[in-house]
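Novice: quick one, fold the following:
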Amino acid sequence: MSNEVARGRLPEESFNVVLPHQVPGSVADWKSLANSLLTEEACAFQRNVEISSCYAWIYRQLPYCFKWAAMAAIASNHVRHALFPLRLDADASGYVNLPRSLSRHKVLLTEDVNTVRATNNAIFDDIFWVHLAYLVNEDGMAGLRTLLRGDAHYAQVLAAFEAIDRGRRVLEDPMSLEHERRTAVDDIWDGNVGILEHEQRALVQPHFDRLSGAFARIASMGSASTFDVRGLRRGLGYFTSFYLYSLTRGLPRAVSARTWPTIVRFEDRWPWLLTNVVPRFRRLDASQLMVQSSMRRVLNVANKRAVTPCRPRPTMAIGASSLRTRAA
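Specialist: Below you'll find the model as predicted:
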């Protein structure tokens, strides 16, 4: 099994290459398998595309269960635009001299940009493999219990998948009643929100704590989403902005706390995600046509990138290894 064979392929092709006959037996092995689907970190833009496409692919395998994966695919796709300053130090194939980029941090906030890049990588490393393990194991839930029971870090994720699996079993039962199916859908969404909360608390927040005040202000004003819905009228129906939320529903809390809301604080960011972002995506998800269209666009970008993969330059190899220590 060769990682080099798997990298640069679309998820459907990659999984056929890297998935062994016997599934991994530990969290570390599952993480290693998932990360073998990605190119190296210095190929920042291609790696981001690969992460986004992995989320889109796995959502399409169980669209009635893997809601978080679709939201993650769209969010990761947006992260690529935030990485734009790194292009100043990228060669024609997209390989980034990250140490050189980090030296520009005072002018272009590239230290913050690199933190955003590292955050996206950390989310994938921590959560994607759980979806993959649940999907490919014959009894996915039993496998996750064996892997995660007793692991405090994954306690919320395990509980989330218990809710998702409970809902899935009802939805896949042709004898289930209508009220049972409605409860099952709620269970699945509760589970996916639990994964999102784990992502935001355990992964995003420790990285966001390192962001500069200047970047935090820019990110707060720029944090908005239409979930990539095409068309002005449709897009406005799903538009949500952290800044507008802060000026309206978030303002009473800001007054009582005597602090202006910022996207980098969990206690400010989570109410917006929970009351604005998730309900809008849930409404969008009810129209599978639009969500599947967004996922296809993500996968189409991966298709184009796979034609001209990122190629490391030998002169940059030493710098790339030093970056991993800095970004850890």
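
Novice: need the contact partners of the helix or strand where Arg182 lies.
Specialist: Assigned by DSSP states H and E, Arg182 belongs to helix 178-198. The contact list for helix 178-198 (CB atoms under 8 Å, 6 or more residues apart in numbering) reads 64-68, 71, 127, 156-157, 159-164, 166-171, 176, 270, 273-274, 278, 282. Any C-beta I mention is one placed from the backbone N, CA and C, and that applies to glycine too.

Novice: so for that helix, mean pLDDT?
Specialist: Averaging pLDDT along helix 178-198 yields 98.

Novice: ranges for the strands of the protein?
Specialist: 224-225, 240-241 (DSSP state E).

Novice: export those as CSV, with columns for distance to Gln288, mean neighbour count and mean pLDDT.
Specialist: Output for those, formatted as CSV (distance: least, CB to CB, whole Å; neighbours: other CB atoms under 10 Å; pLDDT from 0 to 100):
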stretch, distance to Gln288, mean neighbour count, mean pLDDT
strand 224-225, 19, 17, 76
strand 240-241, 21, 18, 88
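
Novice: before we move on, back to that, format the CA atom coordinates belonging to the helix holding Arg182 as PDB.
Specialist: The C-alpha trace of helix 178-198 is given here as PDB (Å, rounded to 0.1, in the frame of the first residue of the first chain):
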ATOM      1  CA  GLU A 178     -43.800   8.900  10.600                       C
ATOM      2  CA  HIS A 179     -43.400  10.300  14.200                       C
ATOM      3  CA  GLU A 180     -40.500   7.900  14.700                       C
ATOM      4  CA  ARG A 181     -38.800   9.200  11.600                       C
ATOM      5  CA  ARG A 182     -39.200  12.800  12.600                       C
ATOM      6  CA  THR A 183     -37.600  12.000  15.900                       C
ATOM      7  CA  ALA A 184     -34.800  10.100  14.100                       C
ATOM      8  CA  VAL A 185     -34.100  13.100  11.900                       C
ATOM      9  CA  ASP A 186     -33.800  15.300  15.100                       C
ATOM     10  CA  ASP A 187     -31.500  12.700  16.600                       C
ATOM     11  CA  ILE A 188     -29.200  12.800  13.600                       C
ATOM     12  CA  TRP A 189     -29.100  16.600  13.600                       C
ATOM     13  CA  ASP A 190     -28.400  16.600  17.400                       C
ATOM     14  CA  GLY A 191     -25.500  14.200  16.700                       C
ATOM     15  CA  ASN A 192     -24.000  16.400  14.000                       C
ATOM     16  CA  VAL A 193     -24.300  19.500  16.100                       C
ATOM     17  CA  GLY A 194     -22.400  17.600  18.800                       C
ATOM     18  CA  ILE A 195     -19.600  16.900  16.300                       C
ATOM     19  CA  LEU A 196     -19.600  20.600  15.400                       C
ATOM     20  CA  GLU A 197     -19.400  21.600  19.100                       C
ATOM     21  CA  HIS A 198     -16.500  19.200  19.600                       C
END
